[in-house]
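1. structure of the sequence below:
(one chain, ligands or ions: 1)
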Amino acid sequence: MEVKKKDIRALTKEQLREFFVKQGDKAFRGNQVYEWLWQKSAYSFEDMTNISLETRQMLEANFVINHIKVDQMQRSADGTIKNAVRLHDDLIVESVLIPTATRTTACVSSQVGCSLDCRFCATSRLKRMRNLNPDEIYDQVVAIDNESRLYHNRSLSNIVFMGMGEPLMNYNNVLKAIDKITSPEGLGMSPKRIVVSTSGVPKMIKKMADDKVKFKLAVSLHSAIDEIRTSIMPFNATFPLNDLREALQYWYAATKNRITYEYVVWDAINDKRKDAEALVEFCKFAPSKVNLIEYNPIDDGEFQQASSKAIDMYVSVLEANNITVTVRRSRGKDIDAACGQLANKS
Ligand code: SF4
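-> Model (predicted):
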């Protein structure tokens, strides 16, 4: 009977050290292998050139390295790159590199498909197959960092968890991946350059506050009126706005971090003055920033971007109430890499 080999990257550094001691080797060998796995992103045991052949064969007999593979890479006219990433079980997720004049941002996925059902989002059409492992999230970042160096001559500066999936529904693995990304033994990135974007899971926002996480939080709000929000994000019926605001108040009290809201204005859905006023009312309890994001229609065209007059109205209502607001143009539309478009169509 064939024994299923264990994913070596599921082991902590300490567990790897203990493994080598049990094999009659030095604990230090665990450090060396750990460095190959995380800092050097080795794809195979063969790559570990400072480890003896005998040890590499022993590792090969006991473990696998479930590295992701970039199956297809598409480059947009505006420099955006979209990766279709194949996982060890042949499922596919997507991640995106977004270059601007001052930063290079990786937008990564946290689940295959999504557990939520936002009606404007292409990913919601794919049912959730499974959560990504910490190493699968980490690998997406490494792949994009390599592409950033190759095509834009600079390393990755920022990461947003805004790809496929709701990151707070895969909280433990997202946290473990961020630990690796920020660790000097991984990529050594500052947590302040990482944004976890959630559709608003109150219990998990409170947990993040209790866990004293150092990364930033963004909330995809899209409406501050329950009836409208539930019609476009049905899970709002389970986690209504009052619960979300209470969780955000808890977060702000614990972290004193400004809260960012992602917000799309759609024609005939949330483009009235009362919608903008409800948004002000919702976010005024703490320093806030609102990103008004350009919408990219998905195939059926049910949702359409609001007029520029409606966007201007939002900007003036928010500014009049001292709320920072930016209008974000979407990138990579020609390769379906823009917000809400990730649906394995490549
Ligand atoms: S917008 Fe985000 S949370 Fe909503 S269905 Fe799409 S991927 Fe999931």
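2. what does the protein put close to the ligand?
-> 114, 116, 118, 121, 123-124, 164-166, 199 (Cβ under 6 Å from any ligand atom). Placement of C-beta: from N, CA and C, glycine included.
3. let's go with 8 Å and repeat that
-> Within the chain, the residues that sit near the ligand (Cβ under 8 Å from any ligand atom) are 111, 114-118, 120-124, 162-166, 197-199, 220, 233, 340, 342.
4. C-alpha coordinates for stretch 190-204, PDB please?
-> Presented in PDB, the C-alpha positions along stretch 190-204 are these (Å, rounded to 0.1, in the frame of the first residue of the first chain):
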ATOM      1  CA  SER A 190       6.000  45.000   6.700                       C
ATOM      2  CA  PRO A 191       2.500  44.100   7.900                       C
ATOM      3  CA  LYS A 192       1.600  47.800   7.300                       C
ATOM      4  CA  ARG A 193       1.800  47.000   3.600                       C
ATOM      5  CA  ILE A 194      -0.800  44.300   3.800                       C
ATOM      6  CA  VAL A 195      -4.500  44.900   3.600                       C
ATOM      7  CA  VAL A 196      -7.000  42.200   4.400                       C
ATOM      8  CA  SER A 197     -10.300  43.000   2.700                       C
ATOM      9  CA  THR A 198     -13.500  41.500   4.100                       C
ATOM     10  CA  SER A 199     -17.100  41.600   3.200                       C
ATOM     11  CA  GLY A 200     -17.800  42.000   6.900                       C
ATOM     12  CA  VAL A 201     -17.800  39.000   9.200                       C
ATOM     13  CA  PRO A 202     -18.400  40.700  12.600                       C
ATOM     14  CA  LYS A 203     -17.200  37.800  14.800                       C
ATOM     15  CA  MET A 204     -13.900  37.500  12.900                       C
END
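5. would you mark the buried spots in that stretch?
-> 193-202, 204 (16 or more other Cβ atoms under 10 Å).
6. and the closest residue to residue 193 other than its chain neighbours, what are its bridge partners?
-> Once flanking residues are discounted, residue 193 sits nearest to residue 158: 4.8 Å by Cβ to Cβ, 6 or more residues apart in numbering. The bridge-partner assignment for residue 158, based on DSSP bridges, gives residue 105.
7. in terms of contact, does residue 67 touch residue 139 like I think?
-> Yes: between residue 67 and residue 139 there is a contact under Cβ atoms under 8 Å: 6.1 Å.
8. give me the common contacts of the two.
-> residue 41 (Cβ atoms under 8 Å, 6 or more residues apart in numbering).
9. comparing the two, which shows the higher neighbour count?
-> Between residue 67 and residue 139, residue 139 has the larger neighbour count (other Cβ atoms under 10 Å), namely 25 against 18.
10. right, and the more buried one touches residue 43 too?
-> No: in this structure residue 139 lies outside contact range of residue 43 using Cβ under 8 Å: 9.9 Å.
11. any residues in contact with both of those two?
-> residue 67.
12. which residues touch residue 225?
-> 241, 270, 274-275, 278.
13. how close does it sit to residue 25?
-> Taking Cβ to Cβ, to the nearest Å as the measure, residue 225 and residue 25 are separated by 63 Å.
14. do the same with residue 127
-> Computed with Cβ to Cβ, the distance linking residue 127 and residue 25 is 45 Å.
15. what does residue 11 give?
-> In terms of Cβ to Cβ, residue 11 sits 15 Å off from residue 25.
16. which one's more surrounded, those two?
-> residue 11 (18 against 15).
17. much appreciated, bye for now.
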